[in-house]
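> Give me coordinates for this.
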Amino acid sequence: TLQAKLSFANVDNFTFEVTEIDGTVAETGTSVIEMENLTDTEVVTREDFINAGKLTAGEFFTDSTSTASGGKAISGFTSGSVFNINFLVTKEGSYTISFVGANNNSYDVSNLQFTLDGVVLTGITGNLQGTAKDGVPAYFDWQTITLTTTALTQGKHTLSIKVVNGQPNFDCVKFEAVTE
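Okay, here's the model as predicted:
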């Protein structure tokens with residue numbers, strides 16, 4: 001919380017909260033927020049990554065891979081991890097929200113919990129299992145899962161992804177403006 005004293009009439013002070021924004025959702029086209037750039041996370045680090053000296057507790061691993069949307073993706077986390085995507089909508093409207101992830105084994109998205117502004121999103125189906133091909137491992141064969149199409153007001157919103165079970169890899173979240 002920041003406080004500032006103003007010299008305006010009838011105003012002694014005001015308080016406001018500063019939250020870092022991970023991305024901006026444009027009123028047209030598709031906006032992409034890369035998971036490796038998130039600032040609001042509660043990561044449960046995989047023990048094998050800690051034991052190998054790749055990470056310390058509370059960190060995720062950033063993989064460089066040409067198959068990811070921005071050339072990078074995240075891994076090295078497990079059950080209990082929470083990733084909060086804080087985003088700013090520039091214009092009120094309808095948006096289709098999709099999540100991009102992968103796993104080298106069968107990984108039903110019911111192992112993840114998605115909430116938008118504190119409301120649990122339901123009815124999401126799909127599997128993140130990739131297929132190894134052309135020298136690309138299955139855990140970098142990205143699968144896109146549509147989460148919801150919803151009306152969003154102009155301003156700040158938060159999409160949270162909680163890993164309920166397992167060890168998936170995450171690439172990005174996409175917001176596509178729905179034209180009417």
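
> show me where the chain has helices.
47-51 (DSSP state H).

> show me where pLDDT drops low in the chain?
Residues of the chain that meet the criterion pLDDT under 70 lie in 1-19.

> Report the beta-bridge partners for the most centrally placed residue in it.
For the chain, the residue sitting closest to the mean C-alpha position, by CA atoms, centre = their mean, is residue 85 at 4.7 Å. Going by DSSP bridges, residue 85 is paired in beta bridges with residue 159.

> dump the residue contacts of it.
The neighbourhood of residue 85, defined by CB atoms under 8 Å, 6 or more residues apart in numbering, consists of 22-23, 33, 38, 40, 158-161, 173. For every residue, glycine as well, the C-beta is placed using N, CA and C.

> one more time with 10 Å
21-23, 33-35, 37-41, 97, 99, 116, 157-161, 172-173, 175 (CB atoms under 10 Å, 6 or more residues apart in numbering).

> Kindly report the same for residue 26.
Residue 26 neighbours (CB under 10 Å, 6+ apart): 89-91, 95, 175-177.

> Could you do residue 110 as well?
Neighbour list for residue 110: 124-127, 164-165 [criterion: CB under 10 Å, 6+ apart].

> Just the buried ones out of these, please.
The neighbour-count criterion (16 or more other CB atoms under 10 Å) marks 124, 126 among the contacts of residue 110 as buried.

> Now render the contacts of residue 110 as TSV, adding distance to residue 133.
Shown next, in TSV, are these (distance: CB to CB, whole Å):
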residue	distance to residue 133
124	26
125	24
126	19
127	17
164	29
165	26
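
> Please narrow the contacts of residue 110 to those residing in strands.
Here DSSP state E is the test, and those give no hits in strands at all.

> Looking at the contacts of residue 26, spot the one nearest residue 53.
residue 175 (36.5 Å; CB to CB).

> doesn't residue 22 make contact with that closest one?
No: Residue 175 is beyond contact range of residue 22, at 11.6 Å (criterion: CB atoms under 10 Å).

> Mutual contacts of the two, please.
By CB under 10 Å, 6+ apart, the residues touching both residue 175 and residue 22 are 33, 85, 87, 159.
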